[in-house]
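Undergrad: build the 3D model from these lines:
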Amino acid sequence: MAAWNPRPGVLPNLMWIMDRVFKFTNFGIVSVLHEDFFIQAGKANRERSLEDLRQHIHRYYVPLGRQFMVLFPEGGFLHKRREISQRFAEKNNLPKLEYVSLPRAGAMKVIMEEIGPNKNNIASTSKDNSKKDGNFNQSISPKIIDNKIGDSIEWILDLTIAYPDRVPLHLQDVVCAIRPPCTTHLHYRLYPSSEVPTDTEGMTNWLYDRFIEKDKMLEEFYRTGSFPSGSNTNVCRTVRQDNLRYLILHLFFIASTFIQYKMFCGLLELVW
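TA: Numbering: from 1, shown residues only. Alright, predicted model coming up:
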């Protein structure tokens, strides 16, 4: 969020897909008003959440003229997902990743079916394929999907985040602002959306390859202090923030939190 905050025209045109728990944070009401999409975690809610996402795209994302969409394919915080991911990798003869978890393709497949470059070709078969596939998921590490031409996705921006000393931001750090300032490294890779396979197996394997690459990149970063060198990784740019803008935003977050608290207290009084 901080990286895209100073870029003009990004935040108003961006839709986040995030866990439902974030609706109850200090920026929850902002995301609700912005028509971001909240997913309810859990296997029992998976198919319902994907169908809700499909409808949300056509009800809000397309009519509002959004141009960007943020996904987290690993489906949760790393410290909760790593062990599960490694067990799944061992069972399915996949690499056991240490710095990221294996992604799931469910939400990405829904998005590509609805507003991907080949949406017209796969629309008639998407429901049949979804019934056959049992590996859909509702959460997507940060990936931003760019949708600059009409209502069709043009680019996929793959984002890898490296934290100081391998200590990521936790929810309590975000909500309470208790962590001291630190330098966080963001690594971007850009792919034409036409390169992504449209079938479930192909898309899942494509995502697996990206996250296996991420794991190797992060291993080198935490060993050497920098991402692997190469023609696409040698441009560094510092993200500079507007302190006045941050002050205004946080005052708004504080006010929204106070309003939610008063509403909650009012509901409790009505109940009791």
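
Undergrad: list phi and psi for the nearest residue to residue 118 once chain neighbours are set aside.
TA: Spatial nearest neighbour of residue 118, excluding adjacent residues (Cβ to Cβ, 6 or more residues apart in numbering): residue 198 at 5.4 Å. (Each C-beta comes from the backbone N, C-alpha and C, glycine too.) For residue 198, the backbone dihedrals are phi -90, psi -20 (criterion: degrees, to the nearest 10).

Undergrad: and residue 92, by the same measure?
TA: phi -110, psi 20.

Undergrad: now for the residue nearest to residue 118, how many residues are close by?
TA: Other residues within reach of residue 198, judged by other Cβ atoms under 10 Å, total 19.

Undergrad: isn't it right next to residue 116, touching?
TA: Yes: the criterion here is Cβ atoms under 8 Å, and residue 198 meets it with residue 116 at 7.3 Å.

Undergrad: ok, now how distant is residue 177 from residue 253?
TA: When distance is defined by Cβ to Cβ, to the nearest Å, residue 177 is 10 Å away from residue 253.

Undergrad: settle it for me: which of those two has more neighbours?
TA: residue 253 (17 against 9).

Undergrad: now do the SS call for the more buried one.
TA: Counting by DSSP: H, G, I helix; E, B strand; the rest coil, the backbone at residue 253 sits in helix.

Undergrad: residue contacts, it?
TA: Residues near residue 253 by Cβ atoms under 8 Å, 6 or more residues apart in numbering: 26-27, 30.

Undergrad: would you list the phi and psi of residue 203?
TA: Per degrees, to the nearest 10, the backbone of residue 203 is at phi -70, psi -40.

Undergrad: list the residues that contact it.
TA: 105, 108-109, 112, 196-197.
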